[in-house]
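Participant: Give me a 3D structure for the following:
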Amino acid sequence: MDWQTIVKDNNLDVSVINSSDLNEDIRFEAEFYRPEFIQIENLLKKRGVESYGSFIKNIQCGPFGSTILSDSYVESGAYLARPFNLRNCVITDDNRVYISEEDLKNKKLNEYNNGDIFFSRVGEIACSLVWGFGEKDKVTISPNIIAVKTDTKKLSPFYTVIFFETKYGKGQMLRAQIVVAQPTISTQLIKSLLIPIPSINLQNSIEKIYRAYVVALKKSADNYREAEKLFLKEIGLFDYEVGGKNISIRNFIDCLIEDRFDAEYWQPKYDEMFCKIREKPYKKIGDIANVETGQYISEYVEKGADTKSFIRGTDVSQYEIDTNSLLFVRVSDQKKKHVAKKDDVVVARVGSIGLCARIQDNLVGSTISDNLIAIRTKADIEMSSYYLTVYLNSFVGQEFMKRLSRGSVQQRLNQETLKELPVPILDIDIQYKIEKMVIDGHLAKNEAKDLFEKAKRAVEIFIEQDEEKALSFIQ
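Facilitator: As a prediction, the model looks like this:
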């Protein structure tokens with residue numbers, strides 16, 4: 001039996017590569033020659049491409065790993081971009097950290113400006129544009145980022161990051177990654193990437209969409225910020241700053257009752273915040289909601305008629321579920337109590353502990369994974385799920401959930417301790433006012449998502465068809 005028959009009988013995907021076609025790096029692993037990667041390469045070459053390296057003026061990896069440690073982070077100063085800040089071609093506000101300008105200077109760290117491009121060096125592939133920073137803002141990179149400065153007169157950085165987010169850009173990076181302990185991208189790999197160059201007209205059109213996309217994202221973030229601001233003002237903690245006290249004296253009986261003997265649990269800031277909360281009506285979350293850890297499922301399947309989305313901790317973004325990377329499970333594997341219902345709120349119990357989102361209506365019926373805790377408000381309780389999400393995502397909710405977490409190696413939040421979390425019960429009219437701000441934030445985020453997808457699709461049409469059709473699609 002020949003190999004062609006084996007391939008046909010077993011419905012295998014096979015690429016046949018001649019030794020004369022191997023590139024200078026010579027890659028022997030089968031993943032490198034997957035049919036879809038070969039198709040991308042052939043289509044790009046047919047369109048006409050140039051090496052991205054021909055536009056690069058400077059390319060640098062971040063500093064050595066031990067140069068910047070977490071204990072050197074400060075409240076404000078030079079913004080330190082890390083891989084998980086690179087998302088959908090922008091540098092997000094999530095989990096921002098800073099180092100002092102003195103550190104920036106003494107450690108001789110490089111500074112970057114609007115128009116520069118950051119690539120994630122390890123882990124998940126990401127490419128984002130440095131954009132929206134002020135003239136006096138200082139930006140630098142963590143060890144796991146590669147920074148690129150290009151000739152922006154010849155190649156628009158706006159078009160570039162959108163291209164690298166399409167299947168033709170991202171596919172090249174997926175193909176070329178070196179996987180040892182974890183996937184890694186090198187400066188040489190980035191230089192070798194192929195990029196088709198459209199006219200200035202199309203590049204400018206993509207830039208216009210990108211700018212509108214960033215404006216919509218900012219509008220969304222501003223709405224979320226205003227919602228949290230209103231909440232904090234209502235409970236008297238808007239201007240709260242952690243006091244100078246770092247000593248708390250407790251009776252042994254208190255430690256026994258709480259079953260907590262660690263100093264972190266008894267920090268004075270928790271007493272200060274709780275004193276403010278109890279000035280208003282409040283209840284423990286276990287008294288107003290059913291709290292349940294999600295379901296463990298070992299096998300994922302392709303999306304189909306008899307499948308449902310499986311919502312994991314990695315799908316939780318601030319306020320709502322990110323649907324870009326959802327996995328799917330069989331309906332027959334679902335357990336009823338772990339099926340998402342309207343107005344459910346989920347909280348990450350491991351990893352980014354406390355990160356919280358409300359289940360969107362289009363995800364009702366999905367399965368909630370076991371690295372999340374679902375909060376389902378009881379029928380006789382009048383509380384906006386949007387309001388509850390704002391509280392949990394505020395610094396107050398985050399601090400309390402951090403306090404309730406346990407674990408010596410990896411911190412975890414469990415459903416029983418989460419039930420003890422105090423929830424301020426604000427007037428329902430205030431809750432609905434906060435809810436409207438969050439909904440407006442969602443609408444702006446959806447607008448941003450549509451613009452982002454429009455820019456990506458326009459670039460793909462340019463590659464697959466021609467520039468005229470891409471411009472027609474944009475208009």
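Participant: and residue 358, how many neighbours?
Facilitator: Residue 358 has 26 neighbours, counted by other CB atoms under 10 Å. In short, each C-beta sits where N, CA and C put it, glycine included.
Participant: bridging residues for it?
Facilitator: Applying DSSP bridges to residue 358 gives these bridge partners: residue 320, residue 345.
Participant: contacting residues around it?
Facilitator: 319, 320, 343, 344, 345, 385, 386, 388, 389 (CB atoms under 8 Å, 6 or more residues apart in numbering).
Participant: hmm, try it at 10 Å
Facilitator: 319-321, 342-346, 375, 384-390, 392, 435, 438, 442 (CB atoms under 10 Å, 6 or more residues apart in numbering).
Participant: Of those, which belong to strands?
Facilitator: Members of the contacts of residue 358 lying in strands (criterion: DSSP state E): 319, 320, 345, 346, 375.
Participant: Tell me if I'm right that residue 249 and residue 255 touch.
Facilitator: No. Using CB atoms under 10 Å, residue 249 is not in contact with residue 255, being 11.4 Å away.
Participant: Have a look at the two and say which one is more surrounded.
Facilitator: residue 255 (14 against 6).
Participant: how near is that one to residue 132?
Facilitator: Distance, residue 255 to residue 132, using CB to CB, to the nearest Å: 47 Å.
Participant: biggest helix in the protein by residues?
Facilitator: helix 428-464 (DSSP state H).
Participant: elements contacting it?
Facilitator: Here helix 428-464 touches helix 35-47, helix 157-165, helix 167-176, helix 200-234, strand 319-320, strand 356-358, helix 385-393, helix 467-474, going by 3 or more CB pairs under 10 Å, 6 or more residues apart in numbering; DSSP states H and E.
Participant: To residue 265, which of the ones you listed lies closest?
Facilitator: Nearest of the helices and strands packed on helix 428-464 to residue 265, taken as CB to CB: helix 385-393 at 19.1 Å.
Participant: any weak-confidence spans in the stretch 151-300 of the chain?
Facilitator: 179-181, 242-245, 263 (pLDDT under 70).
Participant: whoops, I mixed them up, the stretch 1-150 of the chain
Facilitator: 1-4, 6-33.
Participant: Where do the helices of it begin and end?
Facilitator: Secondary structure of the stretch 1-150 of the chain (DSSP state H, counting those that start in this stretch): helices at 3-9, 35-47, 101-106.
Participant: I'd like the ones you listed as a markdown table, with distance to residue 59 and mean neighbour count appended.
Facilitator: Listed next are those as a markdown table, based on distance: least, CB to CB, whole Å; neighbours: other CB atoms under 10 Å:
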| stretch | distance to residue 59 | mean neighbour count |
| --- | --- | --- |
| helix 3-9 | 41 | 10 |
| helix 35-47 | 21 | 15 |
| helix 101-106 | 20 | 14 |
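Participant: between these, which one is nearest to residue 326?
Facilitator: Using CB to CB, the nearest of those to residue 326 is helix 35-47, at 20.7 Å.
Participant: can I assume residue 81 is in contact with residue 93?
Facilitator: No. Contact criterion CB under 10 Å: residue 81 and residue 93 do not qualify, at 11.7 Å.
Participant: Look at these two and report which has more neighbours.
Facilitator: residue 81 (24 against 13).
Participant: quick one, what contacts the residue nearest to the more buried one when sequence neighbours are not counted?
Facilitator: Nearest-residue entry for residue 81: residue 141, 5.2 Å, with adjacent residues in sequence omitted and distances by CB to CB, 6 or more residues apart in numbering. Going by CB under 10 Å, 6+ apart, residue 141 touches 60-63, 68, 79-83, 85, 109-112, 116, 118-119, 121, 130, 147.
Participant: export stretch 364-371 as CSV, just CAs?
Facilitator: In CSV, the C-alpha atoms belonging to stretch 364-371 read as follows (Å, rounded to 0.1, in the frame of the first residue of the first chain):
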residue,chain,number,x,y,z
VAL,A,364,-27.5,32.2,27.9
GLY,A,365,-27.5,28.4,27.8
SER,A,366,-23.7,28.1,27.7
THR,A,367,-21.8,26.0,30.3
ILE,A,368,-19.9,27.8,33.0
SER,A,369,-16.5,26.2,33.6
ASP,A,370,-15.1,25.1,37.0
ASN,A,371,-12.5,27.9,37.1
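Participant: Which positions in that stretch come out as buried?
Facilitator: 366, 367, 368, 369, 370, 371 (16 or more other CB atoms under 10 Å).
Participant: closest to residue 283 among these?
Facilitator: For the buried residues of stretch 364-371, the nearest to residue 283 is residue 368 (23.2 Å; CB to CB).
Participant: wait, that closest one sits on residue 311?
Facilitator: Yes. Counting by CB under 10 Å, residue 368 does reach residue 311; the two are 5.4 Å apart.
Participant: Between those two, which contacts overlap?
Facilitator: Common contacts of residue 368 and residue 311 (CB under 10 Å, 6+ apart): 294, 338, 340, 344, 346, 359, 374.
Participant: most neighbours, which of those?
Facilitator: residue 346 (29 neighbours).
Participant: now it, nearest residue through space, not along the chain?
Facilitator: residue 372 (4.5 Å).
Participant: tell me the contacts of that neighbour?
Facilitator: 292-295, 311-313, 315-316, 338, 340, 346-350, 355-357.
Participant: Could you pick out the buried ones from the residues you listed?
Facilitator: By 16+ other CB under 10 Å, the contacts of residue 372 give 292-295, 311-313, 315-316, 338, 340, 346-349, 355-357 as buried.
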